[in-house]
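Chemist: Sequence unavailable; structure follows:
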């Protein structure tokens, strides 16, 4: 007989010390529990003496925006701009850091690559534009669209793009579709072929 059990899907793959003062955190995606997992890991590294953190977002395709902005908040002081969203009518919404934050004075290194997308790019962009930490790796994927999911009557759903994400200095995270969708999707392969 088979007994059904709970299977925990972790977002944080690894938390450990690389040196006496350098801690490492690897996040594989942004789900409902990501911030809590991250915060627990960050506090444990601080207790072990970490004054520097490596935040590994390589191959992280993104996920819940709220979890990403809460993670950025751990590193930025109050009232620092984290994210800008702008819809096609030009309405702008800004997200700012709060007074919360457990690592506002420590050094930070963010690892990204060509598979780091969406929420990963929001974190990297917010930290880069606020001069908090160093971004290390390859150019990220370029997915910066705000999407709203709407359920359909047959149980399926459709996602509608309603706005774009911008970094604090106003840079669009989304790669342009100027040359059509085929060129957009081929860009990844072209980057590989030209040695980037």
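Modeler: Yep, it's here. Just so it is clear, the structure is predicted and the values come from calculations on it, not from any experiment.
Chemist: if I read this right, residue 21 contacts residue 54, doesn't it?
Modeler: No: counting by C-beta atoms under 8 Å, residue 21 does not reach residue 54; the two are 11.6 Å apart. For the C-beta atoms, the positions are set from N, CA and C on the backbone; glycine is no exception.
Chemist: Check this protein for its longest strand and report it.
Modeler: Ranked by residue count, the top strand of the chain under DSSP state E comes out as strand 157-166.
Chemist: Tell me how many other residues surround residue 181.
Modeler: Using other C-beta atoms under 10 Å, residue 181 has 8 neighbouring residues.
Chemist: what ranges of this protein fall below the confidence cut-off?
Modeler: Scanning the chain for pLDDT under 70 picks out no residues.
Chemist: residue ranges of the helices in it, please?
Modeler: With helices called from DSSP state H, the chain shows them at 34-47, 65-73, 119-129, 181-193.
Chemist: for those, which one sits closest to residue 105?
Modeler: Residue 105 lies closest, by C-beta to C-beta, to one member of those: helix 34-47, at 11.1 Å.
Chemist: Name the residues of the closest one that are buried.
Modeler: 34, 35, 37, 38, 39, 41, 42, 45 (16 or more other C-beta atoms under 10 Å).
Chemist: do stretch 138-154 as well
Modeler: For stretch 138-154, by 16+ other C-beta under 10 Å, it's 140, 141, 142, 143, 144, 146.
Chemist: Dump those residues to CSV, plus distance to residue 122.
Modeler: Formatted as CSV, those follow (distance: C-beta to C-beta, whole Å):
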residue, distance to residue 122
140, 10
141, 12
142, 12
143, 10
144, 8
146, 11
